[in-house]
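1. next come a sequence and a model predicted from it.
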Amino acid sequence: MPGFNIITEEKIKSGKATDIYFSRMKEILEAKNKNPQVVAEITASTRGILAGLNEAVELLRDKPINVYSMEEGTFFWPNEPVMAIEGDYLDFCELETSLLGFLCHNSGVATKAARIKKAAGDTSVLSFGTRRQHPSLAGVIERSSYLGGMDGVSNEAGAESIDIKPSGTMPHALVLCFKKQEEAWRSYDEVLDKEIPRVMLCDTFSDEKEEVMRAARELGDSLDAVRIDTPGSRRGDLKEIVKEIKWELEKNGFEDVEIFVSGGLDEEEIIRLKEYVDGFGVGTSVSSADPIDFGMDLVEVNGESLAKRGKYSGKKQVYRSKDFKDEILLRREPKPKEKKPLLKPLIKDGEIKRDISLKKARKKVLNNINEIPLNESLTT
């Protein structure tokens, strides 16, 4: 069939975007007149940053259920519940596939973005990766990237969806269309709004250092930054290339020109380069981040604590100290001293009880970025 392969919002909300065994289970339960009251908990096998509550709320709202969850932007440890749903099972069983999809994908991107931002420190990092995913996911990727700490996003529609301005430079195709670097750089400066930073791509036809100095002489005080995006097959030691560029700019009176690097970057490379670089464009490693492996499991059925092998039964709460040491207890057990509960009411009898704020979630990540244990295997 012609058209885009996009599942409609209506099908997602109605439970059609589900694994078939949930539909078959629902048919069996209805035929046998069974609709147990359950508690279902969502846990992950890895650590990460929780994201996607905005979509989860849209999916679960107006259902006769109660939902408790951690706040968006919260760091979580493996095997602790980030969300709990209470209600009659037939009211939400077919939504599990979509709910997990929202949380797994969003949290995966946000977690990787936070790892990248933690590695970059005070150096600016932009999300450049939506071209590596289905375009219908641009809003998902850019929101989660920004939530995870990225300083800006490149996709126009994605930026619009989170009410920020898109950020970007120029493509190699612009230089190729003019066939001459100077003409492309000059045209960029002449045509575009003066509020747009003058960041010139300097690796299209010749040596990066040579092109950088040509751009600096061509645009003079108008030049804000240069971007290096050389393919890995032609790159050599990028750190040495950037150090040479920085040296030449400073020794020739262009010390205010910043250096921006993009192309195949991950945490290790960012750590190597950040001393000499003013900004990074990170694409595939964030937009194609592995999803967080969340699962949803019943832990209580008709008031009885019950769980499958490998899972802990009973309705739980997660308590956290200031140093991110968590304690998982049954909700009926006494609250530990000097620890705060993380699972808070999100939906009560179908009514949303908490605002889902991207700004607040991003602030939570950035406020804790240096303390959350995400990059413990990396060194600076």
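-> Perfect, I can see it now. Numbers count the residues shown, from 1 in each chain.

2. the residue nearest the centre of the chain and residue 220, how far apart?
-> The centroid of the chain falls nearest to residue 110 when counting by C-alpha atoms, centre = their mean (2.4 Å). As judged by C-beta to C-beta, to the nearest Å, residue 110 and residue 220 stand 41 Å apart. Yep, even glycine has a C-beta here, placed from its N, CA and C like the rest.

3. so who does residue 51 touch?
-> Contacts for residue 51 were tallied using C-beta atoms under 8 Å, 6 or more residues apart in numbering; they are 72-73, 103, 106-107, 109-111, 143-144, 147-148, 361.

4. show me where the stretch 101-250 of the chain has its strands.
-> Counting by DSSP state E, counting those that start in this stretch, the stretch 101-250 of the chain has strands at residues 124-127, 152-153, 199-201, 225-228.

5. deepest-packed of these, please.
-> With neighbours defined as mean count of other C-beta atoms under 10 Å, the strands of the stretch 101-250 of the chain peak in mean count at strand 199-201, which reaches a mean of 25.

6. strands paired with that strand, and their directions?
-> Using DSSP bridges, strand 199-201 pairs in its sheet with strand 225-228 (parallel).

7. mean confidence (pLDDT) on the strand it pairs with, please.
-> Per-region confidence: strand 225-228 scores 97 on mean pLDDT.

8. ok so, going back, would you format the strands of the stretch 101-250 of the chain as a markdown table with distance to residue 269 included?
-> Formatted as a markdown table, the strands of the stretch 101-250 of the chain follow (distance: least, C-beta to C-beta, whole Å):
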| stretch | distance to residue 269 |
| --- | --- |
| strand 124-127 | 12 |
| strand 152-153 | 19 |
| strand 199-201 | 19 |
| strand 225-228 | 12 |
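
9. and these: which comes nearest residue 58?
-> strand 152-153 (21.2 Å; C-beta to C-beta).

10. show me where the stretch 251-380 of the chain has strands.
-> Counting by DSSP E, counting those that start in this stretch, the segments of the stretch 251-380 of the chain that form strands are 258-262, 279-282, 294-301, 304-305, 316-320, 326-330, 340-341, 344-348, 351-352.

11. re the thing from before, residue 294 is nearest to which of the strands of the stretch 101-250 of the chain?
-> Among the strands of the stretch 101-250 of the chain, strand 124-127 sits nearest to residue 294 (C-beta to C-beta), with 22.5 Å.

12. right, and the residue nearest to the centre of the chain touches residue 53 too?
-> No - assessed by C-beta atoms under 8 Å, residue 110 is found out of contact with residue 53, at 10.9 Å.

13. where does this protein have low pLDDT?
-> By pLDDT under 70, the low-scoring segments of the chain are 1, 233, 376-380.

14. residue ranges of the helices in it, please?
-> 9-14, 20-31, 53-60, 96-120, 138-147, 156-161, 172-178, 181-191, 208-219, 238-251, 267-273, 284-287, 358-368 (DSSP state H).

15. so how far is stretch 49-60 off the chain centroid?
-> Centroid separation for stretch 49-60 versus its chain: 13 Å, with C-alpha atoms, centre = their mean, to the nearest Å.

16. counting neighbours, which bits of that stretch end up buried?
-> 49-57, 59-60 (16 or more other C-beta atoms under 10 Å).

17. residues contacting residue 19?
-> By C-beta under 8 Å, 6+ apart, the contact set of residue 19 is 96-97.

18. quick one, phi psi at it?
-> Torsion angles at residue 19 (phi, psi; degrees, to the nearest 10) stand at phi -70, psi 140.

19. and the gap between it and residue 97?
-> According to C-beta to C-beta, residue 19 and residue 97 sit 5 Å apart.

20. now do residue 253
-> 60 Å.

21. the more surrounded of those two?
-> Here residue 253 and residue 97 are compared on neighbour count by other C-beta atoms under 10 Å; more neighbours surround residue 97, at 18 against 10.

22. correct me if wrong: that one contacts residue 18.
-> Yes - using C-beta under 8 Å, residue 97 is in contact with residue 18, at 4.4 Å.
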